[in-house]
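Peer 1: 3D model of this:
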Amino acid sequence: MIALNIIQLKNIIMNRSFYLYFLILVTFFGCKTHYKTLYNQAYLTDDNRGHSDIHKFYQNDSLNLTIEINWGSRDLISLGLWNKITRSRSHILSLTKMNPRKDLLLYSGHRIFVILKKSKINLSTFVPYDVEDPIVQYSWDKSDKLIYRKTTVDRKNKLIIVNDIIPFRNDYISIVQYAVSDEDPLPILNLKNPDYLYVYSEWYKAILKISKLNAHNINTQKRYINKDPYVLLDENFKAEKGNNYRAPFLAAAKSQQYRKKEDKQLYDRVLATYYSFAREQRKSDSLWAVLTQHTVDTTFKQVGTIDDLLKKADSAQIVMFNEVQNCPQHRYLVGTLLGKFYQKGFRYLGLEAFTNDSSLIEKGYPTSGNGFLMRDPVMANLVRAAIKMGFNVFGYDSKYDNTREIDQAKNIYDKTLSKDHKAKVLILAENDHIDRKNMAGRFETISGIAPLTIDQTYTYLHHLNNKINKDEAYIIQDNGLKDKPNVDFLLWNDLKINNNCFSLQETKPIMINIPDSIFNKATIICIYNKNELLNSNKITPITSIPIGYIKLVSSNNANKITPIPVDLHEINNKEKTIEFSLSAGEYIIFYFDDDGNVLSEESRNI
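Peer 2: Next comes the predicted model:
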């Protein structure tokens, strides 16, 4: 090594290239290749199987998979993935050309790796050996008798690496063994004679056996998803790029990739909600019919009209409706009644599904950042109509499940009656929160005011199998009904969603013809309010809204700036012309493909 004095060292440091060299060194020595492994493991076997269970479940965090591995024999249960991939061991893998993006590390032991190779490999650089398959009884390709071998010598690091490649179906199993030096007290390989063909030991046969078995499982078995259903479907919805309302169609089959029954059911519940967002209510209802095992519909006796209900509201200060989250007809009914309630002095509209009040105040219109259910165009239209009419729209849900009922009641009170004791408040809650044993009862305790409670969810399950909607809503007879909620009224509601303004304004029918140039690619049409697009903080139009604008994202949180369509339509059976009914305004029509890409756009003034 050449000694440097202080002046020489100072000159080197002052040289600009020094910083470049320093950066390169830091980058080189500081980076680490991350290989796909099953190392992030979770032993998920059922407790009742006990310690004798020979099935293990390995979780790969980066792939979001949980894979069942059959260990085949208790004699091999000690095989595991206990060795971390250190820098020196990573160097060995790189010499064998393991592709960290495609290949999967099945086993990492003492001086040995077993890899399921899915990347391309050039076998012409390997030497074929005709050997007897030591595990013929476990082989799914019994005709394969060849093992391809390549020996690599890294004399600088005193490494000898023997890489055996074994054809396996459409892939390969790669077994990599190595020795650090010929001075090892227990040499596996002979550094002085690198072409030495060592005897296949019982340990080698055992590793090959379990590796083939596991590779078979990985290639043929279901990948068990280990991800929250809301998160997984949100990724399909691509909220960070724009709202892809084709999400439920693209992800419909993934519920079968969940191992637990309750996870599958939760996934299907969320999927049903996404179908409702896409205005595919039949598909949504069908999922609920399966989830609830509901096969026969009940006919309820009508005992009153919506006008009768409104008369009851004359003397009420707080009126609470509820809804099922995948049934937009429930919020559509509330929308049709906004004008009547406004005439009765109601000025507050509280939505359990609504979040981020400040965003609404700032923008003046709802976005997907205002809550999960705000992705539904009907819910967004409800907020638009309420704001236009003069309602104060607010959210009131709680972050805590164990205190949710009391928290919701307090939030409603704090945002309304605590500031204005004469306030008249309209609430749209979810499911049984309006039951007097839940939030509605807590609110009465806090405020001293009994809310008028109107349930739409009890009858929802009883028209899942109806093929034709009657397009009506009315009060039903509740005497003698089993498990009925503790509310004031039960409603039947199978209203049709006719337009984007709840018929509160005059509407006009418009016909949209899909352009010939995109006819075979377009799968969904979304209609957006033009002013909302122009006011969005990521739009900078020059003369018009550019194609693909909707995929522009915010650097902070795309959900906060993504507009919601006022209406949409899933293109079925090669429809050429689609009819919409819209209120007066300026609109932008987007045509999307399956991946959420904008194929075309056009403007319409109504």
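Peer 1: mind listing what Ser398 touches?
Peer 2: By CB atoms under 8 Å, 6 or more residues apart in numbering, Ser398 lies in contact with 404, 407-408, 411. C-beta here means a position set from N, CA and C on the backbone, and glycine is covered the same way.
Peer 1: low-scoring stretches of this structure, by residue?
Peer 2: 1-85, 130-145, 181-211, 213-226, 239-241, 466-468, 537-561 (pLDDT under 70).
Peer 1: Mind splitting this protein into its structural domains?
Peer 2: 1-31, 71-220, 227-291, 302-493, 507-605 (automatic domain parsing).
Peer 1: Adding distance to Asn499, write these out as a markdown table.
Peer 2: Shown next, in a markdown table, are the domains of the chain (distance: least, CB to CB, whole Å):
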| stretch | distance to Asn499 |
| --- | --- |
| domain 1-31 | 57 |
| domain 71-220 | 49 |
| domain 227-291 | 13 |
| domain 302-493 | 9 |
| domain 507-605 | 4 |
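Peer 1: what about those domains, which gets the closest to Asn500?
Peer 2: domain 507-605 (4.3 Å; CB to CB).
Peer 1: what number of residues lie near Val231?
Peer 2: Val231 has 10 neighbouring residues, counting by other CB atoms under 10 Å.
Peer 1: An error on my part: the question was meant for His421.
Peer 2: 10.
Peer 1: does it belong to a helix or a strand, and which?
Peer 2: Take DSSP states H and E as the rule and His421 turns out to sit in neither a helix nor a strand.
Peer 1: which SS state does the residue minimising distance to the centre of the chain fall under?
Peer 2: Nearest to the geometric centre of the chain sits Leu232, at 1.9 Å (CA atoms, centre = their mean). Of the three states, Leu232 takes helix according to DSSP: H, G, I helix; E, B strand; the rest coil.
Peer 1: With Ser255 instead?
Peer 2: helix.
Peer 1: Cross the contacts of Ser398 against helices and list the overlap.
Peer 2: 404, 407-408, 411 (DSSP state H).
Peer 1: if I look at the residue nearest to the centre of the chain, how far off is Gln257?
Peer 2: 9 Å (CB to CB, to the nearest Å).
Peer 1: circling back: ok, the ones in helices among the contacts of Ser398 vs Asp595, which is closest?
Peer 2: Among those, and counting by CB to CB, the member closest to Asp595 is Arg404, at 37.2 Å.
Peer 1: could you list every residue that touches the closest one?
Peer 2: 397-398, 439 are the contacts of Arg404 under CB under 8 Å, 6+ apart.
Peer 1: I'd like these written out as JSON lines, with secondary structure and distance to Ala179 added.
Peer 2: Formatted as JSON lines, those follow (DSSP: H, G, I helix; E, B strand; the rest coil; distance: CB to CB, whole Å):
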{"residue": "Asp397", "secondary structure": "coil", "distance to Ala179": "63"}
{"residue": "Ser398", "secondary structure": "coil", "distance to Ala179": "62"}
{"residue": "Met439", "secondary structure": "helix", "distance to Ala179": "69"}
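Peer 1: Include distance to Lys261 when you put these into JSON lines, please.
Peer 2: Output for the contacts of Arg404, formatted as JSON lines (distance: CB to CB, whole Å):
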{"residue": "Asp397", "distance to Lys261": "28"}
{"residue": "Ser398", "distance to Lys261": "28"}
{"residue": "Met439", "distance to Lys261": "29"}
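Peer 1: Quick check: of the residues you listed, which lies closest to Ser503?
Peer 2: Asp397 (28.8 Å).
Peer 1: between the domains of the chain, which one is nearest to Cys501?
Peer 2: Using CB to CB, the nearest of the domains of the chain to Cys501 is domain 507-605, at 4.0 Å.
Peer 1: Just the endpoints, please. Distance across the closest one?
Peer 2: 12 Å (CA to CA, to the nearest Å).
Peer 1: Leaving out chain neighbours, which residue sits closest to Thr336?
Peer 2: Computed as CB to CB, 6 or more residues apart in numbering, the closest residue to Thr336 that is not its neighbour in sequence is Phe502, at 4.6 Å.
Peer 1: Check which helices and strands whichever strand or helix holds Tyr267 is in contact with.
Peer 2: For Tyr267, the host element (DSSP H and E) is helix 261-277. On a contact count with 3 or more CB pairs under 8 Å, 6 or more residues apart in numbering; DSSP states H and E, helix 261-277 meets helix 229-237, helix 247-250, helix 281-291.
Peer 1: Deepest in the core, which of the ones you listed is it.
Peer 2: helix 247-250 (a mean of 22; mean count of other CB atoms under 10 Å).
Peer 1: any idea how far that one is from the chain center?
Peer 2: 11 Å (CA atoms, centre = their mean, to the nearest Å).
Peer 1: hmm, who's touching that helix?
Peer 2: By CB under 8 Å, 6+ apart, helix 247-250 touches 233, 236-238, 244, 271, 274-275, 277-278, 280, 283, 523, 570, 594.
Peer 1: Just the C-alpha atoms of it, please, in PDB.
Peer 2: Output of helix 247-250 as PDB, limited to C-alpha atoms (Å, rounded to 0.1, in the frame of the first residue of the first chain):
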ATOM      1  CA  ALA A 247     -61.800  -3.600 -10.700                       C
ATOM      2  CA  PRO A 248     -64.500  -6.200  -9.600                       C
ATOM      3  CA  PHE A 249     -64.500  -7.900 -13.000                       C
ATOM      4  CA  LEU A 250     -60.700  -8.200 -13.000                       C
END
